[in-house]
Structures are given as structure tokens and as C-alpha cells.
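Enquirer: sharing a model that was predicted from the sequence below.
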Amino acid sequence: QVQLVESGGNLVQPGGSLRLSCVASGFTFSSATMRWYRQAPGKERELVLGITDGGVSTSIADSMKGRFSISRDNIKNTVYLQMNSLKPEDTAVYYCCTVLFSGGAYRFFWGQGTQVTVSS
């Protein structure tokens, strides 16, 4: 079955960096667009970044431009989110996601999430 396993979340000081990883299995990773979302306490889940099967990044919110980047390794079935110059407002649970055609419909598949806390 489809599995997405995130890791790399941690407590980090403002201005610090983290790299999140998401290891995928159960589908043809190299053919899938992958996305990172985040959800802060009391807020709706929001799209952070996506990357196509060809390695092209999707557009990013202004608040994250120049600080966040996404990449993928199709050999390791892994997608990464590099986060630099972290701010307290980046505190959230970060989720890996893909959309696949399954059971006659397109479905969202999510990982369990990894907590990122930016605080001094």
C-alpha cells in the first residue's frame, strides 16, 4: 500500500535550517508529483511546495520564497524540503503528500507528519 514517512522535524532556533525527508513506497514514485504541506495550530493546512515527476518545483507562497526549496531523489524514492532562515511562524506539522488514481478516483495520500518548532 501507499506509504509516506516523513522525518527531520525538530526544535530549531530562529534563523536556523532543517531538511525534511519523505520516503515513499507502494507506488511509482518517479512518475508522481510530490508535495509538502504544513499545518500550524489553529490554522488550515496549506501547500508549501510541490515538485513534478520531472523535478520542476511548483510556485511557492511569498512568505517562503528564497527560504524553502524542494528536491527529489528518484533512486531513493525520497522527496526533501530544505528550509532555511526559519521563523517562528514556520512552526507547524509538515506533511508529505501525493495524489494518485486509486479505486476509480484521484485520492490524496498523506504521511503522518513531522513537527517543526521554531523558537528561541
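Expert: Happy to help now that I have it. Everything numeric in this text was worked out from a predicted model, so none of it was measured.
Enquirer: CA only for contacts and neighbour counts going forward, please
Expert: Noted.
Enquirer: so in the protein, which strand runs the longest?
Expert: Across the chain, the strand with the greatest residue count (assigned by DSSP state E) is strand 92-102.
Enquirer: show the contacting residues for the closest residue in space to Pro88 that isn't next to it in sequence.
Expert: Using C-alpha to C-alpha, 6 or more residues apart in numbering and skipping residues adjacent in sequence, the residue nearest Pro88 is Val118, 4.7 Å away. Residues in contact with Val118 (C-alpha atoms under 8 Å, 6 or more residues apart in numbering) are 11-14, 86-91.
Enquirer: tell me the centre residue of this protein?
Expert: Nearest residue to the geometric centre of the chain (C-alpha atoms, centre = their mean): Trp36, 2.5 Å.
Enquirer: neighbouring contacts of the longest strand of the chain?
Expert: By C-alpha under 8 Å, 6+ apart, the list of residues contacting strand 92-102 reads 4-6, 9, 22, 32-41, 106-117.
Enquirer: of these, buried ones?
Expert: Neighbour-count burial (16 or more other C-alpha atoms under 10 Å) applied to the contacts of strand 92-102 gives 4-6, 9, 22, 33-40, 110-111, 113-117.
Enquirer: from the residues you listed, which land in strands?
Expert: Using DSSP E, the buried ones among the contacts of strand 92-102 in strands are 4-6, 22, 34-39, 110, 114-117.
Enquirer: list just the nearest of those to Ser69.
Expert: Nearest to Ser69 among these, counting by C-alpha to C-alpha, is Trp36 at 10.4 Å.
Enquirer: the residue nearest to that closest one when sequence neighbours are not counted: how many residues sit nearby?
Expert: Closest residue in space to Trp36, ignoring its immediate chain neighbours: Cys96 at 4.7 Å, by C-alpha to C-alpha, 6+ apart. The local packing of Cys96 (other C-alpha atoms under 10 Å) involves 30 other residues.
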